[in-house]
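# Predicted model and sequence follow; I will ask about them next.
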Amino acid sequence: MGTAHKDSKEQASSMDQYYKFQSKIYDLTRWSFLFGRVEVIKDIPLERNASIKILEVGCGTGFNTKILAETFPAAEIKAYEVSTDMVDIASKKVAPFGQRVQVVHEPYGQDAEGQNGQYDAILFSYSLTMINPQWEDLLKQAKKDLKVGGYIAVVDFHDSKQGWFKSHMGNHHVRMDGHLRPFLRDNFEPIVNKVRSAYMGVWEYISFVGKKQ
């Protein structure tokens, strides 16, 4: 447990440093390759006006958090982010939604014991492939934090046949070897389970919505 906590802290520190510059250009540039973010939220099969609880892991600038708040106007939303600069941007972006949307500046899992079985949906949007090697631990924790019948939603990079592109993404802390999809499929009942091509096959991304049994 101590080693896992240390690894989580080191990962958070690394991401905080990486996003000091990236946060300034994130929303201007990410639209061109972070595909499927809006669609995966629309694919979550929950009543739009229900009083539900949603958690987002790795909210970045709050792009997805804002869409979640608009899509589910009665939902209580909690969003985790390790980058100080990203948290500042996200907090301003979701401020109009008031107290029902909370941005938390810490790694997901630090207060996990108090959240088990609370959430109707948990979203990971282009975060898991950057969380290495802890991605599996976070998905296991998410499964604990979901209610029975709740949904996990994941959109992320999947794989690439182009070695140069994998190397390029590796330099940006992104792992691309198709590792997420089998784990998701084995631990959640698939509702949406798609692999899509980007830029004429340079890479693939996954869109997955699964139900906790």
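Sure, I can see it.

# what sits against residue 68?
Listed by CB atoms under 8 Å, 6 or more residues apart in numbering, the contact partners of residue 68 are 41, 54, 56, 75, 77, 123. (C-beta placed from N, C-alpha, C; glycine too.)

# mind putting those in CSV, secondary structure, pLDDT and distance to residue 136 included?
Formatted as CSV, those follow (DSSP: H, G, I helix; E, B strand; the rest coil; pLDDT from 0 to 100; distance: CB to CB, whole Å):
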residue, secondary structure, pLDDT, distance to residue 136
41, helix, 98, 24
54, strand, 98, 22
56, strand, 98, 19
75, coil, 98, 27
77, strand, 98, 25
123, strand, 98, 17
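
# Let's have those residues in a markdown table, adding distance to residue 170 and neighbour count.
Converted to a markdown table, those look like this (distance: CB to CB, whole Å; neighbours: other CB atoms under 10 Å):
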| residue | distance to residue 170 | neighbour count |
| --- | --- | --- |
| 41 | 28 | 22 |
| 54 | 31 | 26 |
| 56 | 25 | 28 |
| 75 | 36 | 21 |
| 77 | 32 | 25 |
| 123 | 25 | 29 |
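
# And the residue nearest the centre of the chain?
The centre of the chain sits closest to residue 124, judged by CA atoms, centre = their mean, with a distance of 1.9 Å.

# Off-centre distance for stretch 184-204?
Centre-to-centre, stretch 184-204 and its host chain are 15 Å apart (CA atoms, centre = their mean, to the nearest Å).

# Can you give me the buried ones in it?
Buried positions in stretch 184-204, judged by neighbour count with 16 or more other CB atoms under 10 Å: 184, 187, 188, 192, 194, 198, 203, 204.

# helix or strand for the fifth one, which one?
To tie it back to what came earlier, the one meant is residue 194. Here residue 194 is covered by strand 189-198, with elements defined by DSSP states H and E.

# Quick one: end-to-end distance for stretch 45-52.
12 Å (CA to CA, to the nearest Å).

# buried set for that stretch?
Applying 16+ other CB under 10 Å to stretch 45-52 flags residue 52 as buried.

# Now that stretch: average pLDDT?
Averaging pLDDT along stretch 45-52 gives 98.

# Run through who's touching that stretch.
71, 72, 73, 74, 75, 76, 120, 121, 151, 191, 209.

# Which of those sits closest to residue 89?
Taking CB to CB as the measure, residue 89 lies nearest residue 71 of the contacts of stretch 45-52, at 20.2 Å.

# For that closest one, give me the pLDDT.
98.

# again, but for residue 202
94.

# Give the pairing partners of the strand holding residue 194; include direction for each.
strand 203-211 (antiparallel) (DSSP bridges).

# Output the partner strand as CSV, nothing but the C-alphas.
Written as CSV, here are the backbone C-alpha positions of strand 203-211 (Å, rounded to 0.1, in the frame of the first residue of the first chain):
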residue,chain,number,x,y,z
TRP,A,203,-4.0,5.5,-34.6
GLU,A,204,-7.2,4.1,-33.0
TYR,A,205,-9.2,5.2,-30.0
ILE,A,206,-11.7,3.4,-27.9
SER,A,207,-15.2,4.4,-26.7
PHE,A,208,-16.5,2.2,-23.9
VAL,A,209,-19.5,2.3,-21.7
GLY,A,210,-20.0,-0.6,-19.3
LYS,A,211,-22.4,-1.5,-16.5
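
# Nothing else from me, thank you.
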